[in-house]
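Enquirer: Next come a sequence and a model predicted from it.
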Amino acid sequence: MLLNILLGVAVLIILLLIVIATRPATFSVSRSATMAATPAALFNQVNDFHKWENWSPWAKIDPDCKNSFEGPTSGKGSKFSWDGNKNVGAGNMEIVESAPNGHIRIRLEFTRPFANVNDTLFTFKPIGNKTNVSWTMSGKNNFMSKAFSLIMNCDKMVGPQFEKGLASMETAAAAESN
């Protein structure tokens, strides 16, 4: 009887490992919004990490987060590090591409609660007197990320934060323009 139970448990574990291993190797979360602001005004909100506190949803989650900056004030080579509570974790970002009023690519590294490196891309497209801003984060799923995705949906977890951030970005750009 004990042997049958152990074999059953072993089969379940093997099946779980197979399910985890067959989960997607990559992920992508993307949101966009059309805003009543120029591409330049919105681009400047993203291109300077010092301005992120005005619109980033994570700055509101942990106002006591410890932030530090390195490199140029804005643009390629700018670096931002944070160490916050359990809700925002710790990590760093570096702008690796900055095409004025077009796009900004950021290398995003999480060190806590899970170590992972992701690519973040912001694009700015004029539409008449408005601008469509897209915010996309993509990366690779390691084994632990694949296992985590069985119980948590990254798009449902991060997507609403992107939506809040985009709405706040429009407000921050308008306030800076006045």
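Expert: Alright, I've got the coordinates.
Enquirer: how far away is Ser32 from Pro57?
Expert: In this structure, Ser32 and Pro57 are separated by 16 Å, where distance is defined by Cβ to Cβ, to the nearest Å. From N, CA and C alone the C-beta is placed, and that goes for glycine too.
Enquirer: Repeat that for Glu163.
Expert: With distances taken as Cβ to Cβ, Glu163 is found 9 Å from Pro57.
Enquirer: list the helices and strands the lengthiest helix in the chain packs on?
Expert: The single longest helix within the chain, with elements called by DSSP state H, is helix 154-177. Packed against helix 154-177, as judged by 3 or more Cβ pairs under 8 Å, 6 or more residues apart in numbering; DSSP states H and E, are the following elements: strand 26-35, helix 39-47, helix 57-61, strand 130-140.
Enquirer: Need the winner for burial among these.
Expert: Greatest average neighbour count among these goes to helix 39-47 (a mean of 21), per mean count of other Cβ atoms under 10 Å.
Enquirer: Dump that one to PDB, keeping only the CA atoms.
Expert: What follows is the C-alpha trace of helix 39-47 in PDB, where atoms were taken according to Å, rounded to 0.1, in the frame of the first residue of the first chain:
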ATOM      1  CA  PRO A  39       5.700  63.000 -27.700                       C
ATOM      2  CA  ALA A  40       8.500  65.200 -26.300                       C
ATOM      3  CA  ALA A  41       6.600  65.900 -23.000                       C
ATOM      4  CA  LEU A  42       5.900  62.200 -22.400                       C
ATOM      5  CA  PHE A  43       9.300  61.100 -23.600                       C
ATOM      6  CA  ASN A  44      10.900  63.400 -21.000                       C
ATOM      7  CA  GLN A  45       8.900  61.700 -18.200                       C
ATOM      8  CA  VAL A  46      10.400  58.300 -19.100                       C
ATOM      9  CA  ASN A  47      13.900  59.400 -20.200                       C
END
